[in-house]
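>>> Build the 3D model from these lines:
(2 chains)
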Amino acid sequence: MVHEVKPTPDRTLDLRTVLCPLNFVRAKLALEEMTSGQVLEVILDDGEPMRNVPRSIKSEGHMIIDVLKLADDSYRLLIRK
Amino acid sequence: MKLNDEQIERYGRNIILKEVGGSGQERLLESKVLIIGAGGLGSPAALYLAAAGVGTIGIVDGDRVDLSNLQRQIIHFTGDVGERKTESAKEKIEFLNPDVRVKTYDEIATSNNILDIIHDYDFIVDGTDNFPAKFLINDACVMSGRPFSHAGILMFYGQTITVLPHESACFRCLFLGPPPPGSVPSCREAGILGGVAGLFGTIQAVEALKYILGTGGLLAGRLLTVDTLTMSFREIKVKKNPRCPVCGENPAITSLVDYEQEACNLKI
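As a prediction, this is how the structure comes out:
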C-alpha cells in the first residue's frame, strides 16, 4: 500500500472566529507572500467559511490538497500555492 | 510597506479582487493623484479615491463653497457654505479615511503654477468647469508627460477620455482650441443634473485607480459620450493627430496659454 505523505505546511493561519470575507482576505494575503509550490495551512470554522473560502482560494488558482475535520468541528485545509 | 490589521479590514473588498490583491493595495497607498476642481466631478472622484486608499490626494481649487454648489458637489455640506472648497474637501477626506494625506492648493490652476503642482503626481483628474482650464490641463499634462482623465458635463450629457501623453490622443487632437466665447453655455446657464456629475467623476476615479494598478483597459484613444436622458452610451475611437499643436510631430504650442475665461465663468 502506498501512503501519500502530507507535506509540512510552510505557514499556518488560524482563521477560526474570523468572519467572511476577512478570512479569505487574510488567506489571500498570506498566499501572496509565499512562493509557488509552498503550502499554507488554514483552520476554518464550519458553515459559511467552509462554503466560501475554499471556493475563493480555488478561483485564485491555488490547489487544496487536503481537508481534515478537527475535534471542534472546524476544518484544517492544506493549500498549495 | 506592509498592510496593518485595520487596513486589511478596511480594504478587504479591494484586496479580494484579483486585479488588486495586497500588492495592488500597497501600490494605491503609495500613489499620488491630483484633482483639479473640487466641484461636481472632483467631489465623487476625491471621495472614491480616498475610500480606495490612494495615499496622497492633491486638491486644487480657488473657490469657496456656495449654496448653489451643494446640488451636485457632494463633498461639501450645508455647514461648509462660505468655506474654502479645498479645506472643506480635505476635512471630508480625512474623516472618511485617515490613511490619506491631503495636499491643498487654494488657487486657480494657471500657466504660472500648474507645472509645479502636477509635477508631484502620478495621475491628474480634470474636474474643472471651463474650456480654458481644460486646455491648460491638457497642455501641461502633455508637456510634462503626466496621464490624466478629462471629463466635461452639461445638462444631462457628458464626455470623458483618458490621455496618456504621446501614446494616445490628447484633448487637442480632438479639439484644436476653446470654442468662441459665448458659443457654448456653461452649467450655470444651461444647468446640470447632479447625478451626471457623479457618474463622470466616478468614471474618472476608476480610470485613475486602474492606471495606478496597471490593470484593465483605460479610456485612452476612446471618447465616451453619455446621454443620460436616454441613458445611451457611445464610444468614439480617436487617434493621435500627427498635426496636433501640442502632441503632434511639429507642435506649434510649446508654452502654456491662459485663454480668457468667458464672463459667465469668472470666479467672483
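
>>> Can you give me the neighbour number for B:Tyr11?
If you count neighbours by other C-beta atoms under 10 Å in any protein chain shown, B:Tyr11 ends up with 24. To be clear about C-beta, it is placed using only N, CA and C from the backbone, and glycine gets the same treatment.

>>> and if you look at B:Gly145?
11.

>>> now it: how far from B:Asp120?
To B:Asp120, B:Gly145 is 14 Å away according to C-beta to C-beta, to the nearest Å.

>>> what do you get for A:Leu15?
A:Leu15 is 40 Å from B:Asp120, by C-beta to C-beta.

>>> More neighbours: the two, which one.
For A:Leu15 versus B:Asp120, neighbours defined as other C-beta under 10 Å are more numerous around A:Leu15 (21 against 12).

>>> The closest residue to the more buried one other than its chain neighbours: what's it in contact with?
Excluding its sequence neighbours, the residue lying closest to A:Leu15 (C-beta to C-beta, 6 or more residues apart in numbering or on different chains) is A:Asn23, at 4.3 Å. The neighbours of A:Asn23, taking C-beta atoms under 8 Å, 6 or more residues apart in numbering or on different chains as the test, are A:Leu15, A:Val42, A:Leu44, A:Pro49, A:Val53.

>>> Repeat the analysis, applying 7 Å as the threshold.
A:Leu15, A:Leu44, A:Pro49, A:Val53 (C-beta atoms under 7 Å, 6 or more residues apart in numbering or on different chains).

>>> For stretch B:131-146, buried residues please.
Neighbour-count burial for stretch B:131-146 flags B:131-143, B:146 (criterion: 16 or more other C-beta atoms under 10 Å in any protein chain shown).

>>> could those residues be laid out in JSON lines, adding secondary structure, distance to chain A and pLDDT?
Shown next, in JSON lines, are the buried residues of stretch B:131-146 (DSSP: H, G, I helix; E, B strand; the rest coil; distance: C-beta to the nearest C-beta, whole Å; pLDDT from 0 to 100):
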{"residue": "B:Phe131", "secondary structure": "helix", "distance to chain A": "45", "pLDDT": "94"}
{"residue": "B:Pro132", "secondary structure": "helix", "distance to chain A": "46", "pLDDT": "94"}
{"residue": "B:Ala133", "secondary structure": "helix", "distance to chain A": "41", "pLDDT": "96"}
{"residue": "B:Lys134", "secondary structure": "helix", "distance to chain A": "40", "pLDDT": "97"}
{"residue": "B:Phe135", "secondary structure": "helix", "distance to chain A": "43", "pLDDT": "97"}
{"residue": "B:Leu136", "secondary structure": "helix", "distance to chain A": "42", "pLDDT": "98"}
{"residue": "B:Ile137", "secondary structure": "helix", "distance to chain A": "37", "pLDDT": "98"}
{"residue": "B:Asn138", "secondary structure": "helix", "distance to chain A": "38", "pLDDT": "98"}
{"residue": "B:Asp139", "secondary structure": "helix", "distance to chain A": "41", "pLDDT": "98"}
{"residue": "B:Ala140", "secondary structure": "helix", "distance to chain A": "37", "pLDDT": "98"}
{"residue": "B:Cys141", "secondary structure": "helix", "distance to chain A": "33", "pLDDT": "98"}
{"residue": "B:Val142", "secondary structure": "helix", "distance to chain A": "36", "pLDDT": "98"}
{"residue": "B:Met143", "secondary structure": "helix", "distance to chain A": "38", "pLDDT": "97"}
{"residue": "B:Arg146", "secondary structure": "coil", "distance to chain A": "30", "pLDDT": "98"}
